[in-house]
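Asker: Pasting the sequence and the predicted model now:
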Amino acid sequence: MQIIRELINEILEKLSLESVEHSVSHPKEESHGDYSSNVAMILAKKVGKNPRELAQQIVEEINKVTNLVKIIEKVEVAGPGFINFYLKSEFLVGEAKKALKHGYGKNNRLNSQQTYVEFTDPNPFKEFHIGHLMSNAIGEALCRIFEANGAMVKRANYQGDIGLHVAKSIWGWQKLGVDFKGSTLKEKIAYLGQAYAHGAGEYETDETAKGEMNLLNAVIYKRSDAEINQLYDLGRSLSLEYFETIYQRLGTKFEEYFFESEEGPKGLKVVEEGLKKGVLEIGESGSVVFKGEQYGLHTRVFRNKLGLPTYEAKELALPRSKYERWAYDKSFIVTANEIDEYFKVLLKVLSFLSPELGDKTTHLSHGVMKLTTGKMSSRSGKVVTGEGLLNELQEVVLNKMSERSFDSTQDKDMIADQVAVGALKYTVLKQALGGDIVYDPIKMTNMDGDTGPYIQYTYARAKSILAKFATLLEGEKLQGYEPCNLEELGIMRWIARYPEVIAEAGAKFAPHLVAGYIYELATRFNSFYNGNKIGDDPRRLALTQMVANVLSSGLGVLGIQAPEKM
């Protein structure tokens, strides 16, 4: 695509035409070419020419460029003035051959850019819920996409280990009199969830209890009570230990952890700085606020009337803490879109107090996962935990596996879990960021259609074919071969696009582009497999190897494991 774009710009310069912003894309119908540009239609308005005539003039000049003879089969004008480019099959085969080697699709576009991606962010004393699963799936995929584009990435996890939710949990813990003796880690975490739900419920309905929890919040922050400190330290430790088991299951390993307890004191200093600079001001009852209405935003509190830093103050200090640990070029924060307005205020204040860090920081928001009964929260006590959802998906997969023929030597539970996690991640990642999704365990685990398991199964099928003829796959087996039918050429044409997809996904923060790409590749290969004999044909085996490599790479970029047997 870049070659085509550069070629067009070169021709415009030759014709003494103005360089304009135009699109170079793949036509929806492959019979219309490999690339199409609307440059003539954009430029025609500026120079007062007929777009088709201008397009024809550009095409005539392109045909004079002799060094393109090995790449471009033909260039033609279509419709109201589109310029369509058809690539030579030999060129497509040559590009596709690169997929036989490890690392195909990667580039160095981001040139070792130091990039933080903060995501997941579960809070100790509360259960790991389905919203954290969405954040993790998206954040991990973005990390891998950035890495595939040459960035140096650190995964960051920012966790609320102090705050009113902790006070609610410890208050509920004391009132319920929970005894952890003899309990497993998962049982202890469930107890903490019950304690939080109890405290949260009483906070909303009992003014006396509410006052007690507000005071307890200050005690926890100041660490002024030995008994409370003991409960706090135990609960925090258990939560963090449990979260690590979920991260491992999801395939994420964080390089950096940040905590509200560490950012609180720093946040108070930043608040004082904001007061001195006139960015923040004293509000009602002595609180410190940012009045955002003049910027089309809303007012938020950064220090409450008790003198404690709010979540906003702590988060305002976080970019500086991140930069002190690692001088990043870019910092991305992945959260649900429910707090978009909050982040608009936060980043506006950051732009005033630390403009250099504000320029480096981007908030990326996503939708929420809804159940058939609607969204659920831990406040109601009916929380749907992340682990519970994954376990349910695994059970659905195991039931489906029992209906099919599987290799009995394989660890069914392990494969079922890989498929379950893949089903969840693919469902989240196959749509553009921002949209909500509905949790449907039967639909998302289907082995057919636009699902993670379908792509995983296609990969396993390809690997099974290759395992039968492993001795025929030494070296590059495409040398001297030409595609013998349009289906083979169609697969190679699609494989040749993979590097572009990785680059575009990185530029647009768009994992769904990778998801859509590998689904189409899997569909093309399955159609080919069902209509053609692969057998011991070295060319077709090499084609199968390329498909397997790209599917494995694409799934990996999305953070989805690719089982070799299913």
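Answerer: Ah, there it is.
Asker: Do I have it right that Gly556 meets Ile518?
Answerer: No - applying CB atoms under 8 Å as the test, Gly556 and Ile518 come out as separate, 10.3 Å apart. Heads up, the C-betas are built off the backbone N, CA and C, glycines and all.
Asker: Compare the two (neighbour count), which wins?
Answerer: Ile518 (28 against 15; other CB atoms under 10 Å).
Asker: Show the contacting residues for the most centrally placed residue in the chain.
Answerer: Ranked by distance to the mean C-alpha position of the chain (CA atoms, centre = their mean), the top residue is Ile138 at 2.5 Å. When contacts are counted by CB atoms under 8 Å, 6 or more residues apart in numbering, Ile138 touches Phe119, Val334, Leu364, His366, Val428, Leu429, Leu433, Pro511.
Asker: What is the nearest of these to Tyr242?
Answerer: Phe119 (17.9 Å; CB to CB).
Asker: State the number of residues packed around that closest one.
Answerer: Neighbour count for Phe119, taken as other CB under 10 Å: 27.
Asker: how about it, phi and psi?
Answerer: phi -160, psi 170 (degrees, to the nearest 10).
Asker: What are the buried residues along the helix or strand hosting Gln248?
Answerer: Using DSSP states H and E, Gln248 maps to helix 226-250. Buried residues in helix 226-250, defined by neighbour count with 16 or more other CB atoms under 10 Å: 228, 231-232, 235-236, 238-240, 242-243, 246-247, 250.
Asker: Quick one: list the elements packing against it.
Answerer: helix 130-148, helix 164-176, helix 185-205, helix 207-222, helix 386-401, helix 412-429 (3 or more CB pairs under 8 Å, 6 or more residues apart in numbering; DSSP states H and E).
Asker: One more pass at 10 Å, please.
Answerer: helix 130-148, strand 152-159, helix 164-176, helix 185-205, helix 207-222, strand 256-259, helix 386-401, helix 412-429 (3 or more CB pairs under 10 Å, 6 or more residues apart in numbering; DSSP states H and E).
Asker: Please report the number of neighbouring residues for Glu204.
Answerer: If you count neighbours by other CB under 10 Å, Glu204 ends up with 10.
Asker: Can you list the low-confidence ranges for the stretch 251-400 of the chain?
Answerer: 373-383 (pLDDT under 70).
Asker: which residues in it form strands?
Answerer: Counting by DSSP state E, counting those that start in this stretch, the stretch 251-400 of the chain has strands at residues 256-259, 281-282, 288-290, 300-303, 330-336, 361-366, 369-370.
Asker: Could you do the stretch 1-150 of the chain as well?
Answerer: Remark: strands assigned in the stretch 1-150 of the chain by DSSP E, counting those that start in this stretch are 24-25, 35-37, 72-78, 82-87, 114-118.
Asker: Export the ones you listed to JSON lines and append columns for mean pLDDT, distance to Leu216 and mean neighbour count.
Answerer: Putting the strands of the stretch 1-150 of the chain into JSON lines (pLDDT from 0 to 100; distance: least, CB to CB, whole Å; neighbours: other CB atoms under 10 Å) gives the following:
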{"stretch": "strand 24-25", "mean pLDDT": "94", "distance to Leu216": "58", "mean neighbour count": "15"}
{"stretch": "strand 35-37", "mean pLDDT": "96", "distance to Leu216": "64", "mean neighbour count": "21"}
{"stretch": "strand 72-78", "mean pLDDT": "95", "distance to Leu216": "71", "mean neighbour count": "17"}
{"stretch": "strand 82-87", "mean pLDDT": "96", "distance to Leu216": "67", "mean neighbour count": "21"}
{"stretch": "strand 114-118", "mean pLDDT": "98", "distance to Leu216": "28", "mean neighbour count": "23"}
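Asker: could I get those strands as CSV with distance to Lys360?
Answerer: Compiled in CSV, the strands of the stretch 1-150 of the chain are given as follows (distance: least, CB to CB, whole Å):
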stretch, distance to Lys360
strand 24-25, 30
strand 35-37, 34
strand 72-78, 40
strand 82-87, 38
strand 114-118, 9
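Asker: check contacts around Leu54.
Answerer: 15, 17, 39-44, 47-48, 77, 81, 83 (CB atoms under 10 Å, 6 or more residues apart in numbering).
Asker: if we can go back for a sec, figure out which of the strands of the stretch 1-150 of the chain is closest to Lys269.
Answerer: Nearest to Lys269, of those and by CB to CB, is strand 114-118 at 21.2 Å.
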